[in-house]
Every structure is written in C-alpha cells, then in structure tokens.
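>>> dropping the sequence and predicted coords here.
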Amino acid sequence: MSALTRVDLFAERAQVIARLGRVGPHANAAPAVVIGLDAAFDIRLAADPRWRREREVYVEAGCRHELDCGDALMLVLYLSPGRLDDRQFRRRWSLGQGALIALPAQDAARDWGHALLDGQLPRDLLRPSIDQLSGGPPPRALCEDGRSEAVARWLLSNPLSVVPLGTRGRSLALSPSRLRHRFHEQTGISLQALRRWQRMRAVGQWLATGQNLTETAHQLEFTDSAHLSRDFRSSFGLPPSRVFGRASQIVDHTRIAASR
C-alpha cells in the first residue's frame with residue numbers, strides 16, 4: 001500500500017507530495033515548484049483577490065501567496081534558498097522575471113511523482129529526476145557574495161541560534177544594518193527567513209527519526225508543540241499534521257548519505 005504523503009529532505013532542497021487542501025497565506029524562504037499531480041489547483045497572491053487556476057507554477061522566494069488545492073494530489077519542490085538555484089531554474093524553463101509564473105506542462109515530474117509515492121521509483125533515480133526538473137544539481141553556494149555566503153552557511157549550521165548580527169557583522173567588517181541589507185540584496189530573503197527555513201527543515205529531520213511533534217518541539221527548543229505548529233503554519237500556510245501525519249513517509253537523504 002502506498003503512503004498518503006511523502007517528504008524528501010536533501011541537504012539543499014526538499015520535496016513534499018501530499019493532498020494539501022487549503023493552504024493559507026504564507027511566503028516561503030525558498031523558491032517553490034508547485035505541481036498538481038492529478039488535478040489543477042487554485043493559487044493567488046495574498047494581495048490579489050483573483051484566483052488563478054493552474055496545473056504547475058513557479059513561486060519565487062518571499063512571494064506571499066495562498067492555495068486552494070481541493071482534493072488534488074500536489075507535488076511541491078523547494079529549491080535552495082537564495083538567488084542561484086532560482087536563476088538556474090529560470091534558465092532551464094526560459095522564464096522571465098515574476099513572483100508567480102505558470103510553467104510548461106510537467107508530465108515527466110507527474111510521472112515520477114506518482115511512481116515515487118507508489119514505491120515504484122528507485123531511490124537512486126529521485127535526485128537525477130529533481131535535477132532534471134531544476135536545471136541541474138543545486139549550486140554549491142547560496143550567494144555569489146563571499147560575506148553573505150559566510151553568514152548563510154553559519155545560519156544553516158546553527159538553526160537554533162539567534163542571529164548574532166553584531167558579532168557576525170564585526171567579523172565581516174559590516175554593521176548590523178549593512179549586513180541585513182547586503183544579505184537580503186544577495187539572496188532575496190531576510191536572515192530571519194533563512195533561519196526559520198532551516199529550523200523547519202530540522203523539524204522534518206527529527207520526525208524522520210521517529211520522534212513525535214512534542215518530542216521534536218523539545219529537541220528544537222520550541223516552548224511546546226503548539227509553538228512549533230504556529231511557526232510551521234506561519235512558514236507554510238498549514239499545520240504540520242497535514243504534512244507529517246501518521247501515514248506520512250519522511251526520508252532524510254542527508255542522514256542516509258552520512259551513514260554510507
């Protein structure tokens with residue numbers, strides 16, 4: 001019997017296949033490829049009352065939007081935060097600028113999405129399939145600017161820490177305000193948005209080990225599971241139980257790679 005929901009976590013990217021239903025207004029810290037595997041869905045910018053009926057769209061990082069997926073089975077691929085993976089994807093599909101862009105038909109992605117959920121896609125074919133959709137493997141960096149990249153890597157390695165703007169800024173010869181501005185200019189997202197992104201990824205990684213939401217909240221220093229749920233809903237527009245339910249299969253590919 002196939003899983004009802006599948007979550008794949010990589011070092012740089014992440015993917016969810018699930019029936020998401022209604023997804024409230026939110027802005028992702030990473031660009032997202034949103035595909036209806038078996039039906040179209042409705043999407044709109046949070047500031048626009050008009051719904052768009054689509055089958056596949058690209059949503060850039062920081063774009064506040066909401067979804068009404070109905071009963072559609074959805075595939076959402078989150079690219080690496082920052083502008084470099086975004087740029088690679090836009091080149092792959094010859095996309096111009098825009099926060100919300102309709103994509104050409106993604107029949108190949110629909111095929112391997114269904115195969116993955118049904119357990120018919122060999123594990124070693126998943127990452128090449130994602131790379132083909134994305135235009136190549138994830139870039140080795142998040143930023144072209146060395147100082148912004150140093151901050152990004154520190155944040156990705158320390159998702160539980162408060163961003164020490166003064167300390168990090170002094171080490172890079174930047175004031176806190178200049179550090180914030182430069183980072184946003186280079187990545188398109190804020191320092192706090194990247195921290196929240198990595199912290200939410202850590203939620204999935206802990207749940208993949210068999211922990212429940214309460215145990216995961218404790219490990220990641222949330223006040224309680226309700227606090228975790230609020231932050232998750234704020235980041236993704238829906239409660240974590242919609243993605244990490246009992247019927248979910250969560251695969252942490254970083255842990256698998258480290259164990260080899």
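Ah, there it is. Numbering: from 1, shown residues only.
>>> only C-alpha atoms for contact and neighbour calcs from this point on.
Noted.
>>> low-confidence regions, this protein specifically.
1-3, 161-174, 256-260 (pLDDT under 70).
>>> quick check on Gln198: phi, psi?
When read as degrees, to the nearest 10, the backbone of Gln198 gives phi -70, psi -30.
>>> same thing with His26?
With angles defined as degrees, to the nearest 10, His26 sits at phi -160, psi 170.
>>> show me what contacts Asp42?
51-54, 67-69 (Cα atoms under 8 Å, 6 or more residues apart in numbering).
>>> try Arg22
Neighbouring residues of Arg22 by Cα under 8 Å, 6+ apart: 66-70, 238.
>>> so how do I select the buried members of these in PyMOL?
Only the buried entries of those go into this PyMOL selection, using 16 or more other Cα atoms under 10 Å:
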select buried, resi 66+67+68+69+238
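>>> farthest pair within the contacts of Arg22?
Greatest spacing in the contacts of Arg22, by Cα to Cα: Gly70 and Leu238 (13.7 Å).
>>> what's the distance between the spatially most central residue of the chain and Gly36?
Centroid-nearest residue in the chain, with Cα atoms, centre = their mean: Tyr78, separated by 3.6 Å. Separation of Tyr78 from Gly36 (Cα to Cα, to the nearest Å): 15 Å.
>>> returning to what we had before: what's the residue nearest to the residue nearest to the centre of the chain when sequence neighbours are not counted in contact with, if anything?
Closest residue in space to Tyr78, ignoring its immediate chain neighbours: Ala32 at 4.5 Å, by Cα to Cα, 6 or more residues apart in numbering. The neighbours of Ala32, taking Cα under 8 Å, 6+ apart as the test, are 58-61, 76-79.
>>> ok, so of those, who is nearest Gly21?
Nearest to Gly21 among those: Val76, at 13.0 Å, using Cα to Cα.
>>> who does the closest one form a beta bridge with?
On the basis of DSSP bridges, Val76 is bridged to Val16, Val34.
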